[in-house]
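# kindly generate the corresponding structure for this input.
(one chain, ligands or ions: 1)
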Amino acid sequence: AFYYPDVQTSLLEHILVDNWGAYASNFSSAITPCTNYVTQIGEAARNSGRTTAAQWMRVLFHDFITANVSAGTGGVDASIGFETARGENSGSAFNDSFTFWRPFVNEFVPMADLVALGTVMSNNLCGGHIMPYRPGRKDANAADPTTGVPAPETDLEETLVFFERAGFDQTDSIKLTACGHTLGSVHHGGFPDVVDDSAVTPNNTNGGVNFDTTRGVFDTKVVEEYLAWTGQKGGPLVTTANITAQSDLRLYESDKNVTMRDLLGQGESFKDTCVDLLGRAMNTVPGSVELKAPIAPLTVKPINVTFDFGSDGRLFLSGRIRILSGANDSNPKSLDLHILNRDIKLEAESENGRSAWGSNLIGTSTTYGTTTYFPFSIDDPSIGKAKSFSIAGQTFSLQGESFIVPSTSTLSGTTLNIIVAIQQSRPCNDFTLETASPEVRQGTLAPRIVEGTAAFQKAPGLSGYQLCQSVAQLDQESTGLVSVKLLESGVLVDTLLVNGGKAGW
Ligand code: HEM
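Predicted coordinates for the structure are as follows:
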């Protein structure tokens, strides 16, 4: 199957761009509306007093803050998954978030990249300015030996030492904390010394007290309300009667509120400051990790493009083209796909999607970008010879010489049954199968990736193709998409992600 421009970018770009409506990613749905709590459903979620979008940002903070930038250790590496029993990581955010993210993890998407992506999504979908997203993090194999996350009782000096170790000076720390604390709440469940049990009601079962009057909106309210002493007055870490637990008050006042007043003066640009600081936090990674360039949303994106055989044994090429239009552009109704010297006119599906990318802020309201989908299926007798197709002048490569057949390649329990089709009559033993399966890992909800290889045997042929079969056994059930790779004499020729029925993609 074809993943444009590559498997990792294709998967992550889907989460970033396909936010609402047609083919929306399950990831975006989790924080729509931004007050949603995905761990529970219906009434229970609405009355929980918890906020998934906010939890995701808190996970980033706790994973990041134990970085030691001068030693090149820690940072965003999903080690937080091993550290949830530490007192400094109190609260349900970590296990809630990892439980939701777990089915998204596969060979191409480590948990650490999802920790960063969670914050990007909460910011982008809940009112922040668009935040660039760079993939490339690596998951830790154990807890970070470095401890020290600021808690409500931590004194100012030690709090600043923790931030300094992670590369953030006093001013940065105030800004980053204000950015984080524009979303969400402090909960009696987890922090009874900050919020007493009077907060627990049938409509607020976890006893959440919000940092500002808009817990689901990424805005400047927390700064405004703190300085004007209105609304939530900066939230429980400012106002709690327990003086030792007034960590936000101590931090904000530590430079006589100069930084908080500066943030207020920035107005809407506060959001750019947060893009910068949250971006620095999520891009703080161990010295051995090199992040890739930011993922750019694709204007023209082929989706699920693959060769396959129909029930009559005929080869066909099918898929969808997604066109992303900005808020000011009109959506295309038809599209020309050029293949094998032919132009095929594609018609748009009736349902569109909406995207935070390409959005326009007009006054206080936002109009979003639109995605339009154009399905196609081509069973021309010579389709297997096509080496590329093009849309609006952009060319996308294809190869039909040897490929994994999607409709007959299955994962059932722990058994992978893979069929590949090969054009020329080459022996099946020129080919090998490589698998990479996300599986349960002890001590954390972040899966580990288990790799394997298998050989092929000859199977009965089909309309000009030699078929080869391989049956591979995973040692455990997978937690997400399993990658299946076809190699010819050691060179990768095709990749297919096989859904074990659990993946959240
Ligand atoms: C001095 C530093 C900080 C302290 C002591 C602190 C402490 C806390 C505490 C006690 C909670 C309540 C958690 C709960 O009840 O579930 C919380 C929530 C939160 N924190 Fe911080 N925090 C600090 C800095 C930051 C920073 C830098 C960020 C930036 C990403 C951040 C993001 C959040 C978010 C988004 C929530 C809301 C979570 C929710 O509603 O579930 N915090 N923080």
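# tell me which element the residue in the stretch 351-500 of the chain that the ligand sits nearest to falls in.
Closest residue of the stretch 351-500 of the chain to the ligand, CB to the nearest ligand atom: L445 (17.0 Å). In short, each C-beta sits where N, CA and C put it, glycine included. Assessed by DSSP states H and E, L445 sits inside strand 444-455.
# can you check T177 too?
With DSSP H and E as the test, T177 turns up in helix 170-180.
# next structured bit after that helix?
Once helix 170-180 ends, the next helix or strand along the chain (criterion: DSSP H and E) is strand 185-187.
# what packs against that next one?
On a contact count with 3 or more CB pairs under 8 Å, 6 or more residues apart in numbering; DSSP states H and E, strand 185-187 meets strand 208-210, helix 236-239.
# buried stuff in the last one?
Burial within helix 236-239, assessed by neighbour count using 16 or more other CB atoms under 10 Å, is assigned to 236-239.
# spell out which parts of the stretch 1-150 of the chain neighbour the ligand.
Residues of the stretch 1-150 of the chain that fall close to the ligand, judged by CB under 6 Å from any ligand atom: 50-51, 54-55, 57-58, 60-61, 91, 93, 150.
# please produce TSV containing those, extended by neighbour count, secondary structure and pLDDT.
What follows is these, written out as TSV (neighbours: other CB atoms under 10 Å; DSSP: H, G, I helix; E, B strand; the rest coil; pLDDT from 0 to 100):
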residue	neighbour count	secondary structure	pLDDT
R50	28	coil	98
T51	27	coil	98
A54	28	helix	98
Q55	25	helix	98
M57	28	helix	98
R58	22	helix	98
L60	25	helix	98
F61	21	helix	98
G91	19	coil	94
A93	27	helix	97
P150	22	coil	98
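# list the contacts of the closest residue to the ligand within the stretch 201-350 of the chain.
Per CB to the nearest ligand atom, S247 is where the stretch 201-350 of the chain lies closest to the ligand, at 4.0 Å. Shown in contact with S247 (CB atoms under 8 Å, 6 or more residues apart in numbering): 150-154, 159, 237.
# one more time with 6 Å
Applying CB atoms under 6 Å, 6 or more residues apart in numbering to S247 gives the contacts 152, 237.
# for it, give me the pLDDT.
In this model, S247 is scored at 98, pLDDT.
# cool, G501 as well?
The model reports G501 with a pLDDT of 66.
# can you offset everything so residue one is 717?
New numbering, starting at 717: the last item is G1217.
# so what strands line up beside the strand holding L1161?
Within its sheet, and counting by DSSP bridges, strand 1160-1171 is paired with strand 1147-1157 (antiparallel).
# distance from the partner strand to the middle of the chain?
Centroid separation for strand 1147-1157 versus its chain: 21 Å, with CA atoms, centre = their mean, to the nearest Å.
# in that strand, what's buried?
1147-1155, 1157.
# quick one, what contacts D988?
By CB under 6 Å, 6+ apart, the neighbours of D988 are H845.
# quick check: which element contains it?
Judged by DSSP H and E, D988 forms part of helix 986-998.
# what are the buried residues along that helix?
So for helix 986-998, counting by 16+ other CB under 10 Å, buried means 986-987, 989-995, 997-998.
# next: stretch 871-885.
Buried residues in stretch 871-885, counted by 16+ other CB under 10 Å: 875-876, 878-879, 881-884.
# what average pLDDT does that stretch get?
98.
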